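K.L.:
Here is the input, now give the coordinates:
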Amino acid sequence: MIQTLSLILGGILLLSCSDNKFRGSTPAMKAQEATTTKSENVIPSESITLPSPTVIESVKDQAVLKALPRFALLVDNLSCGLCHVKVLGDVVSTKTVAAIHQASEATIMGDWLVAGKWEVNKSGAKVQVTGDKKEDYSGPEVPTGFVSIDMTAAKAKASGSLKGFGSLGPVNIQKTHRGNIVLVGTTANPIQINGDVMVEGDVIISGPYQGVGTLYASGSVYIPSDLIATHSVFPYPDTKAEATAMADIAVKDAKLDGLGIAAAKNIYLGNIEFFTTDPNRSAGLGIASLDFKEMYKWYTQAAYQALYTVAAACSFNDAGKGSLNVVDAFLHTPGTITGVIVNTSYSIRGGIFAGVFNVVNGNRVCDKTSKISPIHGRNMSNSYVEYDWRLATGKFPILERLGESLISNSARP
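P.N.:
Now for the predicted structure:
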């Protein structure tokens, strides 16, 4: 007779108990337990059935998804990343956050957890945190140092598919692909992703997409214009309780799209030509040495510029080609997330986990506007980093390799 039992196999809790009843018991098991006499409290060794490898793997998968980020933004070097930006979710820093650009104005709609000191406003920046600001914080939400993704593991465990069209021809990736790719979705033919895929090279990607999955790239990822979910979960309510409730429903419904993007090098948003025409600005921002020109060795500058679109402007002025409105993805890179956005309001809807976040946000003319973005649906007086609350449910299957790395991190429980 099987009684209350906890088995730990390979460090993973497989069965747990409470009040002498299995929470996950079948009706037959419960009936059997109810007829057990007190004398039947010795479990013969031959009666113990260990979970199958499939069950063990399922438990591992659940642990990985539960380890995924519970924050909207983790960046230790913000540079100009908080220029006229509102973060909807928590912010995490693995070390002291130094003073940022003095023109920075931002609102953090959540907590800011810092492993060191919070010195953001010492330069004259105006960053407001609506939640708690916790210095010298050592809780499990904050990793011990930046957490990279094992791209070798990403390749070995890739099991998904990525399909679409681009100027280099059709793309049909099953699990892995060696070489650079260009993917441009349209309303009629959105990019299709299902599960996780690994690209050994650079990726240029934009346009509508459908599905749920993760794109891993051993090179850099370029997003020249909007990358937007066909069936988006956004926008969430601003309050955590309402956003969490909405995420629970969305995960159960399983009809909405979602994407993780992880690049081993850098991630570029919108116009990168700015860095070639204004070397003084790029040098001052510490991005002069980035490798964006490497892309021109396999894809021409003219071809890349042709992928730029005109973003929705926040004023009577044209936003210009090369600005973008929305990136519907959680972005991860140990390098830099950078780009130039002019006279518009962008929203990165998913989250950011990066070494450096430095999007030059030239939307100062938008500060006083009450205009609502026709693309991301929020007031264009700010740009946004919006957390995808589905990650907090522990049931949203993207960026599994990041979850594995976070479990391995010594700060994780």
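K.L.:
rest of the way, CA atoms for contacts and neighbours
P.N.:
Fine.
K.L.:
where do the strands sit along the stretch 301-413 of the chain?
P.N.:
In the stretch 301-413 of the chain, the segments counted as strands under DSSP state E, counting those that start in this stretch are 326-327, 330-342, 347-362, 383-387.
K.L.:
who wins for proximity to residue 224 among those?
P.N.:
strand 330-342 (9.3 Å; Cα to Cα).
K.L.:
tell me which strands and helices the closest one is in contact with?
P.N.:
Here strand 330-342 touches strand 258-263, strand 267-270, strand 347-362, going by 3 or more Cα pairs under 8 Å, 6 or more residues apart in numbering; DSSP states H and E.
K.L.:
returning to that earlier point: can you say which of the strands of the stretch 301-413 of the chain is packed in most?
P.N.:
Of all the strands of the stretch 301-413 of the chain, strand 383-387 has the most neighbours on average by mean count of other Cα atoms under 10 Å, namely a mean of 26.
K.L.:
Report all helices and strands that that strand contacts.
P.N.:
Strand 383-387 sits against strand 83-88, strand 347-362, with contacts defined as 3+ Cα pairs under 8 Å, 6+ apart.
K.L.:
which residues are contacting it?
P.N.:
71-73, 84-89, 345-352 (Cα atoms under 8 Å, 6 or more residues apart in numbering).
K.L.:
on that earlier part again, any chance of CSV for the helices and strands packed on strand 383-387, columns mean pLDDT and distance to residue 370?
P.N.:
Shown next, in CSV, are the helices and strands packed on strand 383-387 (pLDDT from 0 to 100; distance: least, Cα to Cα, whole Å):
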stretch, mean pLDDT, distance to residue 370
strand 83-88, 89, 14
strand 347-362, 87, 16
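K.L.:
just so I know, which of those lies nearest residue 162?
P.N.:
Comparing the helices and strands packed on strand 383-387 by Cα to Cα, strand 347-362 comes nearest, at 19.4 Å.
K.L.:
Dump the helices and strands packed on strand 330-342 to JSON lines, plus distance to residue 231.
P.N.:
Listed next are the helices and strands packed on strand 330-342 as JSON lines, based on distance: least, Cα to Cα, whole Å:
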{"stretch": "strand 258-263", "distance to residue 231": "9"}
{"stretch": "strand 267-270", "distance to residue 231": "22"}
{"stretch": "strand 347-362", "distance to residue 231": "13"}
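K.L.:
For residue 397, find the nearest of the ones you listed.
P.N.:
Going by Cα to Cα, the one of the helices and strands packed on strand 330-342 nearest residue 397 is strand 258-263, 9.1 Å.
K.L.:
Averaged pLDDT, the closest one. What do you get?
P.N.:
In this model, strand 258-263 has a mean pLDDT of 98.
K.L.:
Repeat that for stretch 224-232.
P.N.:
For stretch 224-232, the per-residue pLDDT averages 96.
K.L.:
got the contact list for it?
P.N.:
Contacts with stretch 224-232, where a contact means Cα under 8 Å, 6+ apart, come from 187, 190, 204-210, 255-258, 268-271, 304, 307-309, 322-328.
K.L.:
All the helices of the stretch 201-350 of the chain, residue numbers only.
P.N.:
Ranges of helices in the stretch 201-350 of the chain, per DSSP state H, counting those that start in this stretch, are 240-253, 274-277, 279-284, 301-305.
K.L.:
what's the least confident stretch among the ones you listed?
P.N.:
Within the helices of the stretch 201-350 of the chain, confidence is poorest for helix 279-284, with a mean of 54 (mean pLDDT).
K.L.:
looking at it, residue 171 is touching residue 164, isn't it?
P.N.:
Yes. Using Cα atoms under 8 Å, residue 171 is in contact with residue 164, at 5.2 Å.
K.L.:
before we move on, back to that, I'd like to know which of the helices and strands packed on strand 383-387 is closest to residue 244.
P.N.:
strand 83-88 (12.5 Å).
K.L.:
Give me the most central residue, the chain.
P.N.:
The centroid of the chain falls nearest to residue 330 when counting by Cα atoms, centre = their mean (2.0 Å).
K.L.:
Contacts only, for that one.
P.N.:
Counted by Cα under 8 Å, 6+ apart, residue 330 has contacts 259-261, 348-353, 388.
K.L.:
which SSE is the nearest residue to residue 193 once chain neighbours are set aside in?
P.N.:
In space, and not counting its chain neighbours, residue 193 is closest to residue 162: 4.6 Å by Cα to Cα, 6 or more residues apart in numbering. Using DSSP states H and E, residue 162 sits within strand 161-166.
K.L.:
Give me the sheet partners of that strand and which way each runs.
P.N.:
strand 169-174 (antiparallel), strand 191-200 (antiparallel) (DSSP bridges).
K.L.:
hmm, back to that, looking at the strands of the stretch 301-413 of the chain, spot the one closest to residue 141.
P.N.:
Nearest of these (Cα to Cα): strand 347-362, 12.9 Å.
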